[in-house]
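> what follows is a predicted protein model with its sequence.
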Amino acid sequence: MQKALFTLLLAALLLPGFPEDLQAQNKYLDSLKSELQQNGLPDSTRINDLLLLGNELGYSDSRLARGYFENAFRLSSRESQYEKMGDAVSGIGLTYYRTDNLDTCLYLFRKADTFYMKSNSATSLASQITSKMNIATVLRTMGNFRDALTMYFEGIDAFKKADFPGKDKKLLTAYLNIGLVYNEFNQYDKALFYHRKGLALINKGLENYMSQYYLRMARIHDFIELRQYDSAKYYLTAEEGLYRKLNQADIFSSLYSNWGMYYLGIKDTSAALTAFNKAYRFAVDSKNKFRQNQLLSRIATIYLNRKAYGQSVKAYEKAYLLSHAIKDKPSEMHYLKKLADVYGNNLHNDHQASRYYKQYVLLADSLNETDVQKKINEIEARYQTQKKEDSILVLTKNAQLQKAELHRKRTLSTSLLIMCGLLGTLAGAIYLNFKRKNQLLKQSEQLKTQQVREMQKQQQLLAMQSVLKGQEEERSRLAKDLHDGVGGLLSGVKLSLSTMKGNVILSEKNAQMLNNVVVQLDQSMNELRRVSHNMMPESLIKFGLAESLLIYCDSLNETGLIKVQLQTYGMEERMEQNTEIVLYRIIQELLNNVVKHAEAKNVLVQLVRKNNRFNLTVEDDGKGFDLNSIAKNGGAGLNNIRARAEYLGATVDIQSAPAEGTSVNIEGGCA
């Protein structure tokens with residue numbers, strides 16, 4: 001359950017000021033619509049009007065706003081106006097953000113970022129920084145606070161160094177969001193510090209900027225959490241006129257939610273319940289489902305504390321259904337547990353309590369995952385290393401034999417030439433004839449040797465293709481068998497034990513032993529899922545290489561041990577499946593080497609596809625290594641990578657030195 005009051009703050013970084021007078025706003029919208037009806041209107045003006053309409057309507061009608069943004073994107077695409085294309089895609093992303101579709105929003109913001117990077121306009125730098133801040137806001141809403149906070153601070157530093165119109169608006173929103181991140185960590189003093197820094201910018205002409213209203217709300221919330229109730233009441237009373245003049249449902253929802261939190265703080269639960277109910281109605285009007293969810297939880301808790309159990313379960317059931325609809329799994333699990341407790345302990349309805357508890361157990365089972373990737377990689381690396389070392393040893397010996405044979409032939413030819421020279425002019429004709437025959441013989445032998453090498457190389461490639469294909473097929477089969485077979489059996493055992501626990505009266509000791517068995521089953525199922533996913537990621541087959549790499553890199557970032565930045569270009573169309581699998585394994589091996597050996601803090605993964613060629617670069621800022629030393633000692637990981645690259649017919653270039661990091665570049669063709 002998220003703790004912050006503003007569970008869904010609008011990322012208004014690209015939006016213009018919001019007219020303080022609703023009537024003035026309507027006139028402004030009408031003037032834009034009227035201008036669009038004019039014949040002969042330049043495309044540049046039409047695109048700007050469409051973007052402005054989308055931005056203004058984004059707060060009240062997301063679907064209509066999305067239509068304006070889509071038209072702006074089509075127009076700007078005709079002339080490759082990348083910055084406007086980025087603005088349009090970012091605007092579409094904001095409409096999905098306001099309707100709680102965070103995954104789609106994050107994808108669109110990252111797509112907009114690629115357009116901004118292609119732009120050469122004078123304002124492209126501001127757009128790139130803004131795009132990063134928007135991505136940070138979505139990450140914050142999704143609970144990835146560490147990465148969000150890092151991106152916010154980097155964005156603020158970039159804003160301060162740059163100079164462009166609208167910079168203060170972007171800084172204001174950034175300070176607002178940084179404060180909300182600290183709010184999530186219960187560091188309300190730091191949250192208040194950054195919110196005050198944002199409020200200081202209002203005096204620079206931002207009185208009508210939409211984010212300043214949310215910033216004022218955030219300051220009130222900080223005071224409530226710090227138990228400075230007098231200050232909270234002062235600002236709630238003093239600023240209420242501003243919110244009423246704005247007449248926005250989402251702002252009213254925030255206002256009454258703050259009043260409810262204030263009344264809870266001073267122990268007036270009746271007034272708090274009234275305020276939360278008002279806030280909930282406005283949240284419904286503004287379609288802010290996250291805040292609806294949060295307010296229902298508070299309402300249900302008040303009823304529960306009052307022992308109004310019937311009203312409490314109604315609110316919890318409504319919150320549960322809402323959490324399921326917006327795919328907020330942690331909240332959904334929380335409400336299932338609450339419903340099971342209230343029905344079982346307070347209403348004594350064992351049937352309903354059992355039903356909700358079973359759903360809670362199943363959902364908890366699906367969310368509990370443990371990482372065993374390191375173990376699998378070590379086992380696989382040892383197996384692959386031994387195979388590749390044996391193969392390389394055979395190839396090396398063959399090359400040495402061929403080199404010795406060629407040296408012997410060259411020595412023989414030189415001896416014959418010296419003997420022929422001693423014969424002088426008397427044997428000139430014989431010498432020339434012999435030389436000609438010898439050259440023809442050499443060419444014939446070299447041609448045969450080259451043909452043999454090519455045949456050997458083709459045979460080795462075919463053998464390698466068969467081995468890799470067999471490995472991937474076996475991995476896929478084993479992953480499916482483990483997940484569907486053994487995983488299903490374990491889930492059945494766990495469900496049976498959980499049901500038995502609720503239906504059988506056990507002693508305290510036996511109940512504890514049963515709990516320990518269920519916990520051990522959880523751990524076994526988690527390890528089984530990780531093994532299955534590592535052997536063949538489902539996302540790689542369903543969604544392709546780019547999406548699978550994004551999931552894999554995000555999982556590494558979540559460990560906190562390293563920061564992985566992924567950049568993919570030209571990956572809209574899928575490659576041939578075997579190519580995607582091999583590239584995924586190469587990147588997986590490279591990142592595994594970085595985590596195990598490099599002691600790096602940052603790593604960049606860049607995959608670029610153009611026509612039928614790809615270029616892969618993996619760079620880290622780790623301790624590096626001596627290439628000559630690795631070559632002599634036979635680096636297993638790098639040999640494994642070269643073997644997979646050879647399967648794709650790709651070249652591998654490795655640049656590294658002690659204390660200078662490592663860069664690996666792989667380039668080849670793709671289907």
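Okay, I see it. Numbering: from 1, shown residues only.
> contacts, neighbours, all on C-alpha from now
OK.
> how is R609 classified with respect to secondary structure?
Following DSSP: H, G, I helix; E, B strand; the rest coil, R609 is assigned to strand.
> pull the contacting residues for it.
Y569, G570, M571, N615 (CA atoms under 8 Å, 6 or more residues apart in numbering).
> cutoff 6 Å now
Counting by CA atoms under 6 Å, 6 or more residues apart in numbering, R609 touches G570.
> what bridges to it?
Counting by DSSP bridges, R609 is bridged to F614.
> state the distance from it to D49.
For R609, the distance to D49 equals 35 Å [CA to CA, to the nearest Å].
> likewise for K563?
40 Å.
> go on, N120?
Distance of N120 to D49, given as CA to CA: 22 Å.
> who has more neighbours out of the two?
When N120 and D49 are compared for neighbours, D49 comes out ahead with 20 against 12, by other CA atoms under 10 Å.
> leaving out sequence neighbours, find the closest residue to that one.
Nearest non-adjacent residue to D49, counting by CA to CA, 6 or more residues apart in numbering: L32, 6.0 Å away.
> check the closest residue to V595 other than its chain neighbours and give its pLDDT.
Distances taken as CA to CA, 6+ apart place I562 nearest to V595, at 7.6 Å, with adjacent residues excluded. At I562, the model reports a pLDDT of 92.
> neighbours around I562, how many?
Counted with other CA under 10 Å, I562 comes out at 17.
> wait, it sits on K601?
Yes. In this structure I562 lies within contact range of K601 using CA atoms under 6 Å: 5.0 Å.
> what helices and strands are in contact with the helix or strand that contains S44?
S44 belongs to helix 43-57 when assigned by DSSP states H and E. Judged by 3 or more CA pairs under 6 Å, 6 or more residues apart in numbering; DSSP states H and E, helix 43-57 is in contact with helix 62-78.
> got the contact list for the next helix-or-strand element following the helix it packs on?
Per DSSP H and E, helix 62-78 leads on to helix 82-98 as the next helix or strand towards the C-terminus. Helix 82-98 is contacted by residues S62, R66, F69, F73, S76, C105, L108, F109, A112, F115, Y116, S119 when judged by CA under 6 Å, 6+ apart.
> show me where the stretch 151-300 of the chain has its helices.
With DSSP state H, counting those that start in this stretch, the ranges of helices along the stretch 151-300 of the chain come out as 167-184, 188-200, 211-225, 229-246, 249-265, 269-285, 289-305.
> tabulate those helices (JSON lines), appending distance to K327 and mean pLDDT.
Formatted as JSON lines, these follow (distance: least, CA to CA, whole Å; pLDDT from 0 to 100):
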{"stretch": "helix 167-184", "distance to K327": "20", "mean pLDDT": "83"}
{"stretch": "helix 188-200", "distance to K327": "28", "mean pLDDT": "89"}
{"stretch": "helix 211-225", "distance to K327": "25", "mean pLDDT": "89"}
{"stretch": "helix 229-246", "distance to K327": "31", "mean pLDDT": "89"}
{"stretch": "helix 249-265", "distance to K327": "21", "mean pLDDT": "92"}
{"stretch": "helix 269-285", "distance to K327": "18", "mean pLDDT": "94"}
{"stretch": "helix 289-305", "distance to K327": "11", "mean pLDDT": "92"}
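> just checking, which helix or strand of this protein averages the lowest pLDDT?
helix 373-423 (a mean of 52; mean pLDDT, DSSP states H and E).
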